[in-house]
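# Return atomic coordinates for the entry below.
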Amino acid sequence: MLPDSRTFSLTPAGRAYLRFLLAYNSNDPKKIRAYIADKFAPEFLAQHPVEELTQWCLEAYKVTGDMQIHKVYFSEDYYVIIIAITGSGVRYLEKMKIMTESPHKIIEYFRENA
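Now for the predicted structure:
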């Protein structure tokens, strides 16, 4: 991967992250809720319920607006670390880990200012 690459191999984790970003950027509660309910692992949802995550996404979107991939920091089949950027240039570190077995549900998601 190139040092400043904006793309990564479309691994299961890469696809999960791109789909999450698509749902997030929709700012549509129904789309976000449906994505979270379908793609996050039950163990994750036990600690962070669907409605709580949906509200977090909607509140975060009010602050960030659309997020785009700025840089792929790390990409493996089941784990990605991304630097995402807002339209105003604010950067966020995002990490996503998925289950190794199909259907590759999300078991970890993390975001902080970069």
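
# Got the phi and psi for Ser88?
Main-chain dihedrals, Ser88, degrees, to the nearest 10: phi -90, psi 0.

# Report the helix or strand with the lowest average pLDDT across the chain.
Ranked by mean pLDDT, DSSP states H and E, the helix or strand of the chain with the weakest confidence is strand 67-75, at a mean of 92.

# list the helices and strands that one packs on?
When contacts are defined as 3 or more Cβ pairs under 8 Å, 6 or more residues apart in numbering; DSSP states H and E, strand 67-75 packs onto helix 12-26, strand 79-86, strand 91-98. In this view, the C-beta of every residue, glycine as well, is placed from N, C-alpha and C.

# Out of those, flag the one nearest Tyr35.
Distance to Tyr35, taken as Cβ to Cβ, is lowest for helix 12-26 among the helices and strands packed on strand 67-75, at 3.8 Å.

# Report the distance from that closest one to the chain centre.
6 Å (Cα atoms, centre = their mean, to the nearest Å).

# And the pLDDT for Leu2?
If you check Leu2, the pLDDT there is 41.

# Check the one 10 residues further on too.
In the predicted model, Pro12 carries a pLDDT score of 94.

# So Ala23 sits against Ile32, correct?
Yes. Counting by Cβ atoms under 8 Å, Ile32 is a contact partner of Ala23 at 5.1 Å.

# re earlier: quick one: closest of the helices and strands packed on strand 67-75 to Asn113.
Using Cβ to Cβ, the nearest of the helices and strands packed on strand 67-75 to Asn113 is strand 91-98, at 6.1 Å.

# Can you tell me which helices and strands the closest one packs against?
Counting contacts by 3+ Cβ pairs under 8 Å, 6+ apart, strand 91-98 packs against helix 12-26, strand 67-75, strand 79-86, strand 106-113.
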